[in-house]
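Visitor: Starting from these lines, generate the structure:
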Amino acid sequence: MIDFLSKIVMSFSGFVATIVLTRTLGQERYGAYVVVLSVLAWVAIAGNLGLSPAIKKRVSEADDGNYVVSGAIVQLILYAIVAICLWIARPYLNAYMEIDATAILILLLAVKLATDFIQSVLDGQHLVHISSLLSPIEWTSRSVVQIALVLSGLGVVGAFAGYVVGALVAVVIGVYFASFDPSLPSRRDFDRLRSYAQFSWLASVKGRTFLSMDTLVLAVFVSNSVIAVYEIAWNLASLFAIFGSSVSRTLFPEMSKISSAEGASDEIAELFRISLAYSGLFIIPGLIGAAIVGDVVLTIYGSGFQTGYYILLILTFARLLYGYQGQFLTVLDGVNRPDLTFRINGVFVAVNLVLNILLTWQYGWYGAAAATTASAALGLVFGYYYTSRIIDVVVPIDVVGKQLSAAGVMALVVYVGRLLFGETLSVVLILVVTGVGVYFTVLMAISPEFRTTVEENLPFNVSLLKKRLT
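Guide: Numbering: from 1, shown residues only. Have a look, this model is predicted:
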């Protein structure tokens, strides 16, 4: 719950900052900012090489290894190598990004790797509730600084400065809560990190492929202004998926901890059923709502952004498929089968890359969105196949069906409201809030399991509400 609420705060602060950036910088300069961050995300993979998930896994196992210090040493070495390579390649990088930003990119890489490192340590030490707070702290700090600097006239430089400040704030707070052994690590510690990272690095590539391969390929074929609209549609689609990622992140340490116990498969299967049950809690109504009012909501970012309406629908559906796929891969990683996730991720990356190049070349941004969706669907199929070979996979069709039913009632209310009251932005925003209320009210009424989950996770007693609904 803490992880989810923190993502809500993070998303809200990022949402406000993005509106300011798009309206102040314009599509072209905002598109350049997006391209730099996309390049950053990819070079961060080279600067990490699966180290973060390896640290999280090994630390969570609670053996005698000193994986924090050994991980920090490896991280510093990897960063130094990548930073030197970036500096050597700066003429080509600047030409691709259409902005002289390689030096900034190297600085951004340092703070991003530091943030990822401290979060993986906290996750591995079962301090997910602390780690979850770092992201909203980072994003809120980033947003405040970005808004202040961009509005003061610093433009794209102010946007990058806000990114750095937000990351540094999160790192300082994370270091305060993390614990580590100051003694020198053994060779075994490095070997055990390597043994997991040699498989988990591809998961980082796969995740980044899903998140920004399309943006990198689009940068070759279309202008930065088109990329800006595409990225906004992607951000909205990602907003709906935050709950599913929170479920996955929260359950991984628990699955990892119990995976070695005898007879743990039944307990893991139940945790997995729960993760599937709630992975689509927000994104299912989000997809339906986007279909009804998404074109109007996009105008909040400025004129011209409503052209991304159909892209928004495709990418939201891709996010839905990817969210369920992520739950399967979380189980495989949790039971220490990174070799299987390696296979799935390998297929995903290869297919995504080929489809993105071919379809974007032929169909532009629709091709990029279609490539992302097809890759997510293929990864979901492979995830189900391999997971079902290890544990008993129970798909909670009844729970998902109730979510669809509640979303259907919500859709009817919002659609009728748009017909009756018009489609101005203010009216649509009111309808969105109303739709959210209708969705959860109906779901509370028809789903006893959801009511129980809400009651167990809220900080106050809702037993009276539960009695009324039953």
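Visitor: which ones are touching Val36?
Guide: Residues in contact with Val36 (CB atoms under 8 Å, 6 or more residues apart in numbering) are 97, 99, 101, 104-105, 108, 160. The way it works is simple: take the backbone N, C-alpha and C, and place the C-beta from them, glycine included.
Visitor: Quick one: low-confidence residue ranges for this structure.
Guide: Across the chain, residues meeting the criterion (pLDDT under 70) sit at 1-14, 61-63, 65, 199-211, 243-264, 453-470.
Visitor: Scan it for its longest helix.
Guide: helix 2-46 (DSSP state H).
Visitor: related to what we said a few turns ago, list just the nearest of the contacts of Val36 to Ile284.
Guide: Here the nearest of those to Ile284, counting by CB to CB, is Leu108; it sits at 34.5 Å.
Visitor: host element of that closest one?
Guide: Element membership for Leu108, per DSSP states H and E: helix 102-124.
Visitor: Using PDB, list the CA coordinates for that helix.
Guide: What follows is helix 102-124, C-alpha atoms only, in PDB (Å, rounded to 0.1, in the frame of the first residue of the first chain):
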ATOM      1  CA  THR A 102      26.800  14.600 -23.500                       C
ATOM      2  CA  ALA A 103      28.400  16.200 -20.400                       C
ATOM      3  CA  ILE A 104      24.900  16.500 -18.900                       C
ATOM      4  CA  LEU A 105      24.200  12.900 -19.900                       C
ATOM      5  CA  ILE A 106      27.200  11.700 -17.900                       C
ATOM      6  CA  LEU A 107      26.100  13.700 -14.800                       C
ATOM      7  CA  LEU A 108      22.600  12.300 -15.200                       C
ATOM      8  CA  LEU A 109      24.000   8.800 -15.400                       C
ATOM      9  CA  ALA A 110      25.800   9.200 -12.100                       C
ATOM     10  CA  VAL A 111      22.800  10.200 -10.100                       C
ATOM     11  CA  LYS A 112      20.500   7.700 -11.800                       C
ATOM     12  CA  LEU A 113      22.900   4.800 -11.000                       C
ATOM     13  CA  ALA A 114      23.200   6.000  -7.500                       C
ATOM     14  CA  THR A 115      19.400   6.100  -7.000                       C
ATOM     15  CA  ASP A 116      18.900   2.700  -8.500                       C
ATOM     16  CA  PHE A 117      21.700   1.200  -6.300                       C
ATOM     17  CA  ILE A 118      20.300   2.500  -3.000                       C
ATOM     18  CA  GLN A 119      16.800   1.400  -3.900                       C
ATOM     19  CA  SER A 120      17.900  -2.100  -4.700                       C
ATOM     20  CA  VAL A 121      19.700  -2.300  -1.400                       C
ATOM     21  CA  LEU A 122      16.600  -1.100   0.500                       C
ATOM     22  CA  ASP A 123      14.400  -3.600  -1.400                       C
ATOM     23  CA  GLY A 124      16.800  -6.400  -0.600                       C
END
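Visitor: In terms of secondary structure, what does that helix contact?
Guide: Judged by 3 or more CB pairs under 8 Å, 6 or more residues apart in numbering; DSSP states H and E, helix 102-124 is in contact with helix 2-46, helix 51-60, helix 67-88, helix 90-97, helix 128-149, helix 156-177, helix 242-258.
Visitor: export those to JSON lines and tack on distance to Ile227?
Guide: As requested, these are exported to JSON lines (distance: least, CB to CB, whole Å):
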{"stretch": "helix 2-46", "distance to Ile227": "4"}
{"stretch": "helix 51-60", "distance to Ile227": "27"}
{"stretch": "helix 67-88", "distance to Ile227": "21"}
{"stretch": "helix 90-97", "distance to Ile227": "11"}
{"stretch": "helix 128-149", "distance to Ile227": "19"}
{"stretch": "helix 156-177", "distance to Ile227": "14"}
{"stretch": "helix 242-258", "distance to Ile227": "23"}
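Visitor: Pick the most deeply packed of these.
Guide: helix 51-60 (a mean of 26; mean count of other CB atoms under 10 Å).
Visitor: tell me what that one is packed against?
Guide: Against helix 51-60 (3+ CB pairs under 8 Å, 6+ apart) you get helix 67-88, helix 102-124, helix 187-221, helix 242-258.
Visitor: Identify whichever of these lies nearest to Thr372.
Guide: With CB to CB as the criterion, Thr372 lies closest to helix 187-221 of those, at 5.4 Å.
Visitor: what's the following helix or strand after that closest one?
Guide: Under the assignment DSSP H and E, the closest C-terminal helix or strand after helix 187-221 is helix 224-240.
Visitor: which other helices and strands contact that following helix?
Guide: The helices and strands touching helix 224-240, judged by 3+ CB pairs under 8 Å, 6+ apart, are helix 2-46, helix 187-221, helix 283-297, helix 309-334, helix 365-388.
Visitor: Which one of those lies nearest to Phe440?
Guide: Taking CB to CB, helix 283-297 is the member of those nearest to Phe440, at 8.9 Å.
Visitor: angle of the closest one against helix 309-334?
Guide: Taking axes from the mean of the first three to the mean of the last three CA atoms, to 10 degrees, one finds that helix 283-297 is oriented at 150 degrees with respect to helix 309-334.
Visitor: Just want the angle from helix 283-297 to helix 224-240.
Guide: Orientation of helix 283-297 against helix 224-240 (the same axes, to 10 degrees) gives an angle of 140 degrees.
Visitor: Not counting its own residues, what contacts helix 283-297?
Guide: Contact with helix 283-297 is made by 236-237, 239-241, 243-244, 306, 309, 312-313, 316-317, 319-320, 323, 400, 403-404, 406-408, 410-411, 414-415, 418, 423-425, 428-429, 431-432, 435-436, 439, as judged by CB under 8 Å, 6+ apart.
Visitor: Repeat that for stretch 313-322.
Guide: The contact list for stretch 313-322, computed with CB under 8 Å, 6+ apart, reads 210, 233-234, 236-238, 240-241, 280, 283-284, 286-287, 290-291, 294, 366, 369-370, 372-373, 376-377, 379-380.
Visitor: For that stretch, C-alpha coordinates in CSV please.
Guide: Taking only C-alpha atoms (Å, rounded to 0.1, in the frame of the first residue of the first chain), the coordinates of stretch 313-322 have been written out as CSV:
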residue,chain,number,x,y,z
LEU,A,313,-5.2,3.6,-26.5
ILE,A,314,-2.6,1.3,-28.1
LEU,A,315,0.0,2.0,-25.5
THR,A,316,-2.4,1.6,-22.6
PHE,A,317,-3.4,-1.8,-23.9
ALA,A,318,0.4,-2.7,-24.3
ARG,A,319,0.8,-1.6,-20.7
LEU,A,320,-2.0,-3.9,-19.6
LEU,A,321,-0.4,-6.9,-21.3
TYR,A,322,3.0,-6.0,-19.9
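Visitor: Share the number of residues neighbouring Thr424, please.
Guide: Taking other CB atoms under 10 Å as the criterion, the count of residues near Thr424 is 11.
Visitor: Would you list the phi and psi of it?
Guide: phi -70, psi 160 (degrees, to the nearest 10).
Visitor: now Val436
Guide: Torsion angles at Val436 (phi, psi; degrees, to the nearest 10) stand at phi -60, psi -40.
Visitor: so who does it touch?
Guide: Per CB under 8 Å, 6+ apart, neighbours of Val436: 285, 410.
Visitor: ok, it to Ser152 distance?
Guide: Taking CB to CB, to the nearest Å as the measure, Val436 and Ser152 are separated by 35 Å.
Visitor: Equivalent analysis for Phe328, please.
Guide: Separation of Phe328 from Ser152 (CB to CB): 47 Å.
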